[in-house]
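Chemist: Curious how this folds, go ahead:
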Amino acid sequence: KGSSKMFRVLILLEFVVVASSRNFILIIDGGSSGSRIHCLPYDNASRRNGLPEFDHKTLNYKVKPGLSSYAEDPGKAGESISSLLDWAKKESVPPAEWSSTPVYLKATAGLRSIDQVKASKVLESCREVMAKSPFVFEQSWARIISGVDEGKYAWIAANYLLKFIHSIDIHDKVSNFPVGIMEMGGGSLQVSFLANSSKKYDEIESFQLGDQIYDLVAYSFLGYGLEDVQMKFIKSNTLQTHPCYPSGYAFKDIPGKGDFNLCLEKMKSVVPTEIAGIQNVSFIAIENFYYTSLFFGIDELKPELVLPTLRDKASEFCSSKWSDLQQRYNQTNGAGEELHKYCFSAAYIITLLGSSNGLGFADPLTNVKILRDIDGVSIDWALGSAIYEVMKPKLGLLNLPLSISSIPAISALFLFVSLTALLYLKRRRRNCCSFRFSFPEFVRLRSEKNCIQ
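Modeler: Okay, here's the model as predicted:
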């Protein structure tokens, strides 16, 4: 009878280990132009240097507009999140996994830029909807993240995909050094890179992944994302006509002039401060850096050719009439939502990455690669956020199955109980001195709602 109970315990423990190998996590990116839910499956059993192994095929779904658009009607913010959760239930997470899948809402520059009382009401509306979903949720998981957090998550994502995280000694100057990340969203611009221990920095963000502590130089420039900086440009310049939009297109009732050289000259007034040490780091530039480069067909070029080629192509584009551009790119008045922005975005990128009045890069530009994905996986801060949350230390044995850190602990416990059982059976067969364990009639494994803290 005793041995039967012992093996029941072993079977239950083995089930916990096996069941915890396949998990899902949902991250909702509450951006300035829309909200996008990411479903990220990961495997605890196939870990890489202590990190979770995420599937290359992740799913996502976006709704518009952004959460900040509901500042005057916060109830509709919850409705937009509800549609994302409905998609997750129908299209991405198996029903059997709903009760063990955590969902996070991380709002970015859009909500950071509005009145915080209104932003709080928008978030509360979202929390009410998320709390009623079948997924695991805690109130603190729906929040506004800082720009520094956004940059940190993007840095984690890029270096995870490049296999730099947990694969090198960050203090070893001979090793390949992790890359920095530049992310241009709609409302803000983030620049993050690993601190050099021999230099002093004003902005340091320290965080832990597993047993490794990383010190990031992290800058976030609110209002310098592509959408917001267009408004900043107008406020910084007295304009009768706008040099950064094609002739025939009016931006905020200001007629476009299509003068790319003048656009570049005036763009200097809206570029954020220079960043010390940026010349000595290899960077990946993502999001609007990539979308603009892709449009102009320069996304495959060597770094030193990017800016001069972009300048030539954008100058020709900007000098064209709006009606001609619509015909060339098969756009109609209703469908040309992004087309008008490429003259402005090209000038903004050239100014940011150029050697004069920019962020501080050298000429020619050799240390910035503009990318969208690595090995077919999109470089997205949502992936970095998922890794960060999964790697957080957990409290309590029953909360551990979804955590990477739980596997060694459970394995050790499994080994200990197994050895104890073998010792017990061996001594019992030999009829040696009394050697007894007192087990409860059953082992109860609870399914906790707060399985990720």
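
Chemist: Would you map the helices across this protein?
Modeler: All helices of the chain, identified by DSSP state H, fall at 2-19, 75-91, 109-112, 116-131, 147-161, 226-236, 260-267, 288-295, 303-318, 322-328, 342-353, 381-390, 406-429.

Chemist: any idea of the pLDDT on the residue nearest in space to the middle of the chain?
Modeler: Centroid-nearest residue in the chain: Trp381, 1.2 Å away (criterion: C-alpha atoms, centre = their mean). The score at Trp381 is 96. That number is its pLDDT.

Chemist: ok, it touching Asp29?
Modeler: Yes - using C-beta atoms under 8 Å, Trp381 is in contact with Asp29, at 7.4 Å. Where you see a C-beta, it was placed from the backbone N, CA and C, and this is true even at glycine.

Chemist: a markdown table for the helices of the chain, including distance to Pro65?
Modeler: Shown next, in a markdown table, are the helices of the chain (distance: least, C-beta to C-beta, whole Å):
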| stretch | distance to Pro65 |
| --- | --- |
| helix 2-19 | 40 |
| helix 75-91 | 8 |
| helix 109-112 | 9 |
| helix 116-131 | 12 |
| helix 147-161 | 19 |
| helix 226-236 | 11 |
| helix 260-267 | 27 |
| helix 288-295 | 18 |
| helix 303-318 | 27 |
| helix 322-328 | 24 |
| helix 342-353 | 20 |
| helix 381-390 | 19 |
| helix 406-429 | 39 |
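
Chemist: how about stretch 346-353: buried residues?
Modeler: Neighbour-count burial for stretch 346-353, counted by 16 or more other C-beta atoms under 10 Å, picks out Ala346, Ala347, Tyr348, Ile349, Ile350, Thr351, Leu352, Leu353.

Chemist: do the same with stretch 185-205
Modeler: Buried, per 16+ other C-beta under 10 Å, within stretch 185-205: 185-195, 201, 205.

Chemist: Check the separation of the first and last residues in it.
Modeler: 20 Å (C-alpha to C-alpha, to the nearest Å).

Chemist: where does this structure dip in pLDDT?
Modeler: 1-21, 45-49, 166-176, 198, 331-336, 394-453 (pLDDT under 70).

Chemist: what does the domain assignment say about it?
Modeler: What automatic domain parsing lists as the domains of the chain is 23-145, 156-385.

Chemist: Export those as CSV, with columns for distance to Pro393.
Modeler: Below are the domains of the chain laid out as CSV (distance: least, C-beta to C-beta, whole Å):
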stretch, distance to Pro393
domain 23-145, 13
domain 156-385, 8
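
Chemist: which ones among the buried residues of stretch 185-205 are found in strands?
Modeler: Of the positions in those, Ser188, Leu189, Gln190, Val191, Ser192, Phe193, Leu194, Glu205 sit in strands, assigned by DSSP state E.

Chemist: Which member of the residues you listed is positioned nearest Arg372?
Modeler: Within those, proximity to Arg372 (C-beta to C-beta) peaks at Gln190, which comes in at 16.4 Å.

Chemist: Could I get the contacting residues of that closest one?
Modeler: Applying C-beta atoms under 8 Å, 6 or more residues apart in numbering to Gln190 gives the contacts 147-148, 150-151, 154, 181-184, 218-221.

Chemist: how does it look with 10 Å?
Modeler: 108-109, 146-155, 181-184, 218-222, 224-225, 286-287, 381 (C-beta atoms under 10 Å, 6 or more residues apart in numbering).
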